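Visitor: coordinates only, sequence not included:
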């Protein structure tokens, strides 16, 4: 059986960057691309995305604004901000508002980006496991409460 590919959404208003990313990573990952935050949100509504990589400077919606919307609708994917500008305010906003996992600068280094994706995915898997365990604990807690009520009523 083939190993499941990590689903990555790369958002950038520069089409050449999307082509470059897809050509480098399409064999290893399931790559989705979007030219805007709006387009990316539509993709996320249809596809299960595990890692989001977004450019910061885009028209209509910055990367941070996009990630803020993502958190409200799709809290699970790991978020990476990629930008060609070293704007400290954007970095602070990305961490505080966009709750990013990592910040990388353009032009990206293939190995560094690949390593960052691997680290983000490992944390994604841990978070999913904890989420499942928490749901199981909630179910067990509900069952114990029910049994306790039964005993108290009898």
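Guide: Great, that's in hand. Everything quoted here is computed from the prediction, not taken from an experiment.

Visitor: quick one: the strands in this protein, in order.
Guide: Remark: strands assigned in the chain by DSSP state E are 7-11, 30-34, 51-55, 78-83, 102-105.

Visitor: may I ask which helix or strand of this structure has the lowest mean pLDDT?
Guide: The weakest-scoring helix or strand in the chain, judged by mean pLDDT, DSSP states H and E, is helix 88-96 (a mean of 66).

Visitor: quick one: contacts of stretch 9-28?
Guide: Stretch 9-28 is contacted from outside by 5, 8, 31-37, 39-40, 43-44, 47, 49, 51-55, 57-59, 63, 66, 77, 82, 106, 110, 114, 117, using Cβ atoms under 8 Å, 6 or more residues apart in numbering. In short, each C-beta sits where N, CA and C put it, glycine included.

Visitor: rounded mean pLDDT for that stretch, please.
Guide: Confidence over stretch 9-28 (mean pLDDT, whole number) is 95.

Visitor: cool, and stretch 135-142?
Guide: The pLDDT scores in stretch 135-142 average 84.

Visitor: before we move on, what about stretch 63-76?
Guide: pLDDT averaged over stretch 63-76 gives 92.

Visitor: I'd like the strands of the chain as TSV, with mean neighbour count appended.
Guide: Formatted as TSV, the strands of the chain follow (neighbours: other Cβ atoms under 10 Å):
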stretch	mean neighbour count
strand 7-11	24
strand 30-34	20
strand 51-55	25
strand 78-83	24
strand 102-105	16
